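Visitor: Turn this into a model:
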Amino acid sequence: MKWYLLAFKNYASFSGIAIRKEYWYFVLFNIIFSIVAKVLDNSFFHNSSTNAFGETETSSSFGLFYTVYVLGTLVPSISLGVRRMHDVGKSGWFLLIPFYNLILALSDSENGENQYGPLPDETNETETI
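Guide: Below you'll find the model as predicted:
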């Protein structure tokens, strides 16, 4: 959870780097919270109607909780993705290449310092939260 909160702390920072652990913990908690928001939407705003054949149809549109959550995490997700690309020595624009950015996100960090900054120390970042 510390890594998830760190992404929100640095939500508008598109410079520097984000280590693989920070990125994937954010993705994990983002998926969990998205599912929770969707379940809340379905339980509070369950819309169903009957069509002309007497069959029950449910609405598959996004609900209030899910929409607010996605909009609230949009900028932190993008900035974290850009910093993750920096960690492997690539420009943040590589986020726009669908499968290659996944390969880069799974890749290990570059050793030492690269053009985007030094490799952060894990212990220092977790203690600042």
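
Visitor: Disregarding residues adjacent in the polypeptide, which is nearest to the residue nearest the centre of the chain?
Guide: Nearest to the centroid of the C-alpha atoms of the chain, with distances taken as CA atoms, centre = their mean, sits residue 77, at 4.1 Å. Sequence neighbours aside, residue 30 is the residue nearest to residue 77 in space, at 7.0 Å (criterion: CB to CB, 6 or more residues apart in numbering). Every residue, glycine included, has its C-beta placed from N, CA and C.

Visitor: same thing with residue 63?
Guide: Distance criterion CB to CB, 6+ apart; nearest residue to residue 63, sequence neighbours excluded, is residue 41 at 2.7 Å.

Visitor: Next up, the contacts around the one you found.
Guide: 62-66 (CB atoms under 8 Å, 6 or more residues apart in numbering).

Visitor: returning to what we had before: and the residue nearest to residue 77, how many neighbours?
Guide: 18 (other CB atoms under 10 Å).

Visitor: That one - that's part of a helix, no?
Guide: Yes - membership of residue 30 in a helix is supported by DSSP: H, G, I helix; E, B strand; the rest coil.

Visitor: For residue 110, see how far away it is.
Guide: 25 Å (CB to CB, to the nearest Å).

Visitor: Residue 10 now?
Guide: Using CB to CB, residue 10 is found at 19 Å from residue 110.

Visitor: ok, now residue 79?
Guide: 19 Å.

Visitor: who's more crowded, these two?
Guide: Neighbour tally, residue 79 and residue 110, criterion other CB under 10 Å: the higher count belongs to residue 79, 21 against 16.

Visitor: and that one, what does it touch?
Guide: Per CB under 8 Å, 6+ apart, neighbours of residue 79: 7, 10-14.

Visitor: check contacts around the residue nearest to residue 77.
Guide: 4, 73, 77 are the contacts of residue 30 under CB under 8 Å, 6+ apart.
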